[in-house]
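> need the 3D shape of this:
(2 chains, ligands or ions: 2)
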Amino acid sequence: MEANIHFPDPSKVREELTQRYPAKVAKKRTKSIIINDPETIPEVQANVRTVPGIITQRGCSYAGCKGVVLGPTRDIVNIVHGPIGCSFYAWLTRRNQTRPETPEHENYITYCFSTDMQEENVVFGGEKKLKQAIQEAYDLFHPKSIAIFSTCPVGLIGDDVHVASKEMREKFGDCNVFGFSCEGYRGVSQSAGHHIANNGVFKHMVGRNNTVKEGKFKLNLLGEYNIGGDAFEIERIFEKAGITLVASFSGNSTVGQLENAHTADLNVIMCHRSINYMGEMMETKYGIPWMKVNFVGAESTAKSLRKIAEYFGDEELKARVEEVIAEEMPKVKAVIDDIRPRTEGKTAMLFVGGSRAHHYQDLFTELGMTTVAAGYEFAHRDDYEGRHVLPSIKVDADSKNIEELKIVADPELYQPRKTEAELEALKEKGLEINGYEGMMKQMMKKSLVVDDVSHYESEKLIEIYKPDIFCAGIKEKYVVQKMGVPLKQLHSYDYGGPYTGFVGATNFYRDIDRMVNNPVWKLIKAPWETAGNGKGAELEASYVTQ
Amino acid sequence: MLLRHTPKEVIAREGLTINPAKTCQPIGAMYAALGIHGCLPHSHGSQGCCSYHRSTLTRHYKEPVMAATSSFTEGASVFGGQANLLAAIETIFSVYEPDIIAVHSTCLSETIGDDLQQITKKAKDDGKIPEGKYVIYASTPSFVGSHVTGYANMVTGIAEQFAQSTGEKKEQINIIAGWMEPSDMREIKKLSKELGVKIVLFPDTSDVLDAPQTGKHEFYPKGGTTVEELKSIGDSSSSLALGCISAEPAAIALDKKCKVPFETVDMPIGLSATDRFIMSLSKAAGVEVPDEITAERGRLIDVMTDMEQYFYGKKVALFGDPDQIIPLTEFLLDLNMKPIHIVSGTPGQRFEKRMKEILRRIPEANFKNGLNADMFLLHQWMKNEPVDLLIGNTYGKYIARDENVPFLRFGFPILDRIGHSYFPNIGYSGSLRLLEKILNAFMDRQDREALEEKFELVM
Ligand code: SF4
Ligand code: SF4
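Ligands and ions are numbered 1, 2, ... in the order given. So this is what the prediction gives:
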């Protein structure tokens, strides 16, 4: 597809983006700024270190582990072992909504737990204080699970959170205590923490409860964190379609769900970056295939539902899914028919996360808007170019020290849900079984792909392309808006949402319509600034006192 | 219930902090550095800390908060971060062109033992700092102190590293701002102007973190204390430090380096603290207090007398930072209210000493600061002895909703309302605004909950 949008000369753009950098930095950044061609997808440098001094969007491994993956499960007590800040900043700031079964059921999401490490703990070791903290948490709450997260100083001073956890787990007997070595310096971004979290959840939680839940079509939803209620909307649709959700990783989830996840017959993956490890490990150990889906966008939701029905291959389910789509779509259409004339032909840029910069392009397409440039904050090459590049990705020093679990088929529980031949047949039908095609295949020729975009590059991109809307996070929000361009936060949704499913799509259409057409953007200049030569209104009359 | 697991019974904790009433040093250092004109704060550590600090400040101000990071990876954590910082300095000066880079350390670089003084010296010796530009630093590990002491450390670094004494005294007074909002700093400048005193206020985040929407992003907004002004503070006749924890250390350092005598007063929150501020400043400058200021004071007192019935005996729980909580508690007492539960996560004996003095009249008051003085404890105290009002940062709203208590947002961070950056809480007019908000909280509740026959038109 060729855009009817005029793209500036991409090689010039690249030059302009990097010319201020010192030579070595420019050379490095150039490899992450790529002109797209969906036919022959070029290589994007990704998941490499950010240059020191560059103002980056990225956070740390701890944020990816505790903040993203473990944070949304409501009945774990998450204790952050380290100085106070790390825990404080991850306290309720990600908007993972959760709905306990009753007012009495456990929910620790509103709490912030920390060992508040002091200088003497850094000098003499903090394990004693950690164990004390675990004991106090146990005595106060008697939770099912306590998870321990290591922050930067912990690894350096040699505290072993795993040994401490094991000791306490054995001491309690009825509380599963486990630790994560997710120190912020590991890897190059949040991404390392996702991997560490996947490993820990797989090792310590999945497979602990073999009760098989009732239901004909049982699946797990992976990589959906219920920000702004996204998972609620997907749950609503599943229920309507007769699909049983065994576990969600990890929006609106419980310990019990995660421990039972291996009894499902399919894993559907939303955010490939943060959770693909889990999909793979469950496939190897239990024989559950995974499939990439996308519930962002009404059309995408319909497509994903059809893929799920196709996977289960059940005519009744297929019919039910069609009924649900037929019921939901008219409501969506009514909204889009009203809005689209006002958004058609506008342009968007998305620089965010590890999957959202891809998923949200579907919503913009539904609005008739073009994505002129996009990139991830912490994704890998496979999220850009597709999983077929996996064998050719070089493992560098930063990735090497993140543990790869050696998984083998479980002697008792391994049970392939589909035969090889069945899986092949499903792939033929276009289902992304154990696969992901990445973002670039879907983007326009000549559009720009930038990995780990810097502040400087974003400002330049805005100057050059003048997009109608820019999507990023809180740190970029007011910078971009000061430039007169609305910014949609795609981590926190600007405290709105949900944006998934059918209801979510209409929420998003309305929000974007409001933002790109808000009259306030035209009021920025004072009348005396725009009048005359711009230096002030010329006097047209004088008032003389008598 | 949002905080459904908080039991009434208080059991002493030593290991576990729950719902902290503080955060870490570097965010304070970052905030202080933003109050210097043309300065880019730099976080020497992994990029996570920097990202968190920027995010929190951005949510509080709804403004751009620019800062860079040394982006440590595992290698830097093992071999030290010198190479990262040197590379960062070079990149920052060529790409972002600040006049000053203000480096603060993090837990990570402190644990490794990076010496910021030595590294910045090396940067200078290696010619990485362009002519007329500066790299300053402050040590801010979070396993010591809190965000408040981090602020103090950076302000001290600013004073120490810029102040010069030429031997010729200037007719100006330094006002060292404790951790306060841009609106409060603007108010300090306004009051000083009314008094006719020439001051150098530092740091000064007004016109930085309340910058106007112009359609253009100013990477270095108009505000902030300038390098020229900062160099001159060593020649000022005296310094007035606003707050014993967040401002006084800089005043001491300046006195040591350039012999500038200082006085420490409380942040001017409430009537009595503002009285002391005005007295001290007018005395230091040798000026008389103009009628306008006396009238402003009179208006505050007027409302205090008019509405006294609504304040009398009201019990209050509050949490926050010592330099604000101390004068605020005093103000509540001036209003005839009863502050009975107070916590601050920031350690230091000054707090306890001052609180003891201020709370003499209320022997039953609970207060605690430092380790394990957290919001979980405060909430438990509230369950044992309920209050009529809760004052604190945004995180207090979870307690307020569970306990159905009117809630006044005050302190840092405020993530869910605007106003703090635009309307001051200090001086007489700022205190009047505080008073109005407290009053509204009570009256709104009365209007909401009164029996129909008791619903009042005039209040
Ligand atoms: S490591 Fe230290 S500086 Fe960084 S966020 Fe945690 S407490 Fe703050
Ligand atoms: S980089 Fe390290 S110290 Fe900073 S927030 Fe992440 S874990 Fe905490």
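> have a look at the chain and report its longest helix.
With no chain named, the answer covers chain A. Using DSSP state H to define each element, chain A has its longest helix at helix A:315-343.
> I was thinking of chain B, sorry if that wasn't clear
Ranked by residue count under DSSP H, the longest helix found in chain B is helix B:427-449.
> so for that helix, what's the average pLDDT?
Helix B:427-449 carries an average pLDDT of 97.
> pairing partners for the helix or strand that the longest helix of chain A is followed by, with directions?
For helix A:315-343, the succeeding helix or strand toward the C-terminus, using DSSP states H and E, is strand A:347-351. Here strand A:347-351 is paired, per DSSP bridges, with strand A:370-375 (parallel), strand A:469-472 (parallel).
> what distance separates strand A:347-351 from the centre of its chain?
Remark: strand A:347-351 is offset 16 Å from the chain centroid, using Cα atoms, centre = their mean, to the nearest Å.
> which secondary structure elements does the longest helix of chain A contact?
helix A:230-241, helix A:298-312, helix A:501-516 (3 or more Cβ pairs under 8 Å, 6 or more residues apart in numbering or on different chains; DSSP states H and E). For the C-beta atoms, the positions are set from N, CA and C on the backbone; glycine is no exception.
> for the second one, buried residues please.
Counting neighbours by 16 or more other Cβ atoms under 10 Å in any protein chain shown, one finds that the buried residues in helix A:298-312 are A:298-312.
> for the residues you listed, which one is nearest ligand 1?
A:Ser300 (36.5 Å; Cβ to the nearest ligand atom).
> ok so, going back, would you mind finding the most buried of the strands paired with strand A:347-351?
strand A:370-375 (a mean of 26; mean count of other Cβ atoms under 10 Å in any protein chain shown).
> next structured bit after that strand?
Strand A:370-375 is succeeded, C-terminally, by helix A:381-385 (DSSP H and E).
> run the chain-centre distance for that next one.
Worked out by Cα atoms, centre = their mean, helix A:381-385 lies 15 Å from the chain centre.
> what's in contact with that helix?
A:41, A:43-44, A:46-47, A:272-273, A:354-355, A:358, A:376, A:389-390, A:393, A:436, A:438-440, A:449, A:451 (Cβ atoms under 8 Å, 6 or more residues apart in numbering or on different chains).
> now with 6 Å?
Here helix A:381-385 makes contact (Cβ atoms under 6 Å, 6 or more residues apart in numbering or on different chains) with A:Ile41, A:Val44, A:Ala46, A:Arg273, A:Val389, A:Leu390, A:Ile393, A:Gly438, A:Met439, A:Met440.
> ok so, going back, let me know the closest of the buried residues of helix A:298-312 to A:Gly59.
Distance to A:Gly59 across the buried residues of helix A:298-312 (Cβ to Cβ) is lowest for A:Ser300, with 27.3 Å.
> ok, now which ones touch that closest one?
A:Asn294, A:Asp362.
> and the two most separated of the contacts of helix A:381-385?
Once Cβ to Cβ is applied, these give A:Ile41 and A:Arg273 as the farthest pair, at 17.4 Å.
> more neighbours: those two, which one.
A:Arg273 (28 against 21; other Cβ atoms under 10 Å in any protein chain shown).
> tell me the SS of the spatially closest residue to the more buried one that is not a sequence neighbour?
Leaving out its chain neighbours, the residue that sits closest to A:Arg273 by Cβ to Cβ, 6 or more residues apart in numbering or on different chains is A:Gly354, at 3.0 Å. Here A:Gly354 is recorded as coil under DSSP: H, G, I helix; E, B strand; the rest coil.
> B:Cys96: how many residues sit nearby?
To be clear, residue B:96 is Tyr; Cys isn't right here. So B:Tyr96, with other Cβ under 10 Å, has 20 neighbours.
> report pLDDT for it.
97.
> what is the nearest residue to it once chain neighbours are set aside paired to in the beta sheet?
Take B:Tyr96 and drop its neighbours on the chain: the residue closest to it by Cβ to Cβ, 6+ apart is B:Leu40, 5.8 Å away. Beta-bridge pairing for B:Leu40 (DSSP bridges): B:Ile101.
> and the residue lying closest to A:Asn47 once chain neighbours are set aside, how far from chain B?
Nearest non-adjacent residue to A:Asn47, counting by Cβ to Cβ, 6+ apart: A:His380, 4.4 Å away. A:His380 sits 16 Å away from chain B when distances are taken as Cβ to the nearest Cβ, to the nearest Å.
> lowest-scoring secondary structure element of chain B by mean pLDDT?
Using mean pLDDT, DSSP states H and E, the weakest-scoring helix or strand in chain B turns out to be helix B:74-79, at a mean of 85.
> in what helix or strand does the residue of chain A found nearest ligand 1 lie?
Proximity to ligand 1, evaluated over chain A using Cβ to the nearest ligand atom, is greatest for A:Gly85 at 2.5 Å. According to DSSP H and E, A:Gly85 maps onto helix A:84-89.
> okay, buried residues for that helix please.
Quick answer for helix A:84-89 (16+ other Cβ under 10 Å): A:Ile84, A:Gly85, A:Cys86, A:Ser87, A:Phe88, A:Tyr89.
> again with stretch B:322-338
B:322-335, B:337-338.
> just want the phi and psi numbers for the residue nearest to A:Gly158 when sequence neighbours are not counted.
Once flanking residues are discounted, A:Gly158 sits nearest to A:Gly125: 7.1 Å by Cβ to Cβ, 6+ apart. The phi/psi pair for A:Gly125 (degrees, to the nearest 10) reads phi 100, psi 150.
> quick one on the thing from earlier: now the longest helix of chain A: buried residues?
A:317-318, A:320-321, A:324-325, A:328-329, A:332, A:335-336, A:339, A:343.
> and the strands in chain A?
A:33-35, A:76-81, A:113-114, A:145-150, A:176-180, A:218-224, A:244-250, A:266-269, A:290-292, A:347-351, A:370-375, A:448-450, A:469-472, A:487-489 (DSSP state E).
> what packs against the first one?
The one in question is strand A:33-35. Contacts defined by 3 or more Cβ pairs under 6 Å, 6 or more residues apart in numbering or on different chains; DSSP states H and E place strand A:33-35 against helix A:10-18.
> contacts for the helix it packs on?
A:Ala26, A:Arg29, A:Thr30, A:Ile33, A:Ile35, A:Lys446, A:Glu457, A:Lys460, A:Ile464.
> of those residues - the most surrounded one?
That'd be A:Glu457 among the contacts of helix A:10-18, by other Cβ under 10 Å, with 27 neighbours.
> ok, that residue to A:Leu17 distance?
5 Å (Cβ to Cβ, to the nearest Å).
> now A:Trp91
36 Å.
> which one's more surrounded, those two?
The neighbour count for A:Trp91 versus A:Leu17, taken as other Cβ under 10 Å, is higher for A:Leu17 (24 against 20).
> contacting residues for the residue lying closest to B:Asn393 once chain neighbours are set aside?
Spatial nearest neighbour of B:Asn393, chain neighbours left out: B:Gly411 (4.4 Å); criterion: Cβ to Cβ, 6+ apart. By Cβ under 6 Å, 6+ apart, the residues touching B:Gly411 are B:Gly320, B:Gly392, B:Asn393.
> let's go with 7 Å and repeat that
Counting by Cβ atoms under 7 Å, 6 or more residues apart in numbering or on different chains, B:Gly411 touches B:Gly320, B:Asp321, B:Gln324, B:Gly392, B:Asn393.
> between those residues, which is nearest chain A?
Nearest to chain A among those: B:Asn393, at 10.9 Å, using Cβ to the nearest Cβ.
> the closest one against B:Ile414, yeah?
Yes. The pair B:Asn393 / B:Ile414 is scored as a contact, 6.0 Å apart, by Cβ atoms under 7 Å.
> and the residue in the stretch 251-400 of chain B positioned nearest to ligand 2, how many residues sit next to it?
As assessed by Cβ to the nearest ligand atom, ligand 2 sits closest to B:Gly345 within the stretch 251-400 of chain B, at 17.3 Å. Neighbourhood size, B:Gly345 [other Cβ under 10 Å]: 29.
> does it touch B:Ser146 like I think?
Yes. Under the criterion of Cβ under 7 Å, B:Gly345 makes contact with B:Ser146 at 5.7 Å.
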